[in-house]
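Requesting a structural model of the entry that follows:
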Amino acid sequence: MRARSFTRPALVAASLTVALSLAACGGADPDTKASDDTTPSSSQPSDATTTTTTATETTAAQGSCDYPSDGSSSDVSAPPAAPSVSGTVTATVTTSVGDLTFDLDADRTPCTVNSFVSLAQQGYFDGTHCHRLTTSGIYVLQCGDPTGTGAGGPGYSFGDELDGTETYGAGTLAMANAGPNTNGSQFFIVYDDSPLPPAYTVFGKVDQASVDIVTDVAKAGSDNSNGQGDGAPKTEVKIDSVSIG
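Next up is the predicted model:
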């Protein structure tokens, strides 16, 4: 599985590879899976999950989403093809450092929100840790990987929901990935404006109180395991539960 991550603008190529792949922290970057799959290399969120099949483009416009198996095992079921929510959906993420409030945009990113809601309702995020914190170049906290390695995922992937106008200011909530159309479960919270390319699906925002909580976590720094200013947060952030509505 590749780590999901993201990359700094100057290091975009490498960082985006695994960092968020900002999607997962496992990769050394969000470029190396420190991203959901793209290695952001301290500058990108990535998801380390390596997909064995390419996620097909979502067809939300036709009222349907596609969540093909990525070949890995998982204890959760893929979401229903028809999105179950619309409008703005509120999620309360109870963590060891305080409650985080997410406002999910189900109209703009129906397939992404449909997946997040499904995973939350199945208890997928419960007991997991936010495995990656970047404090240089880009400023994000990456979560959503039960393995804590940056390479974990729900056993399925899905397509990006991008229009090319995405920006990543403080309060942005976005998906980490390992490349185009490789979204899974890893996501990142932006706590300060970050110069990332419009390659990570923005599926909502967090309120100011939540940004303040993550900023306090960032002040303690990361263990730099993925590079200077990029690694597991020194202040543990454990997700106890995620409630929808």
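
ok, residue 86 - contacts?
106-107, 110 (CB atoms under 8 Å, 6 or more residues apart in numbering). C-beta here means a position set from N, CA and C on the backbone, and glycine is covered the same way.

for this structure, what spans make up the strands?
Ranges of strands within the chain are 39-40, 88-95, 98-105, 128-129, 132-136, 138-143, 172-175, 187-190, 202-206, 230-231, 238-244, based on DSSP state E.

what's the offset of the second one from the middle of its chain?
To tie it back to what came earlier, the one meant is strand 88-95. The chain centre lies 15 Å from the centre of strand 88-95; the measure is CA atoms, centre = their mean, to the nearest Å.

And for residue 227, the neighbour number?
A count of neighbours around residue 227, defined by other CB atoms under 10 Å, yields 22.

How confident is the prediction for it, by pLDDT?
What the model reports as pLDDT for residue 227 is 94.

before we move on, what about residue 52?
35.

Any stretches of this protein with poor pLDDT?
1-44, 46-62 (pLDDT under 70).

Nearest to the spatial middle of it, which residue is it?
Central residue of the chain (CA atoms, centre = their mean): residue 187, 1.2 Å from the mean position.

Residue 86 versus that residue, what's the distance?
For residue 187, the distance to residue 86 equals 20 Å [CB to CB, to the nearest Å].

Residue 122 too?
Relative to residue 86, residue 122 is positioned 20 Å away (CB to CB).

how about residue 244, what does it touch?
Counting by CB under 8 Å, 6+ apart, residue 244 makes contact with 85, 89-91, 117, 120-121.

Now do the end-to-end distance for stretch 125-143.
Taking CA to CA, to the nearest Å, stretch 125-143 runs 9 Å from one end to the other.

do the same with stretch 93-100
In terms of CA to CA, the two terminal residues of stretch 93-100 are separated by 5 Å.

what do you get for stretch 124-134?
End-to-end span of stretch 124-134 (CA to CA): 24 Å.

Give me the buried stretch members for that stretch, please.
Buried residues in stretch 124-134, counted by 16 or more other CB atoms under 10 Å: 124-125, 128-134.

How about stretch 70-86?
Neighbour counts over stretch 70-86 (16+ other CB under 10 Å) mark 70, 72, 74, 76, 78-79, 83, 85 as buried.
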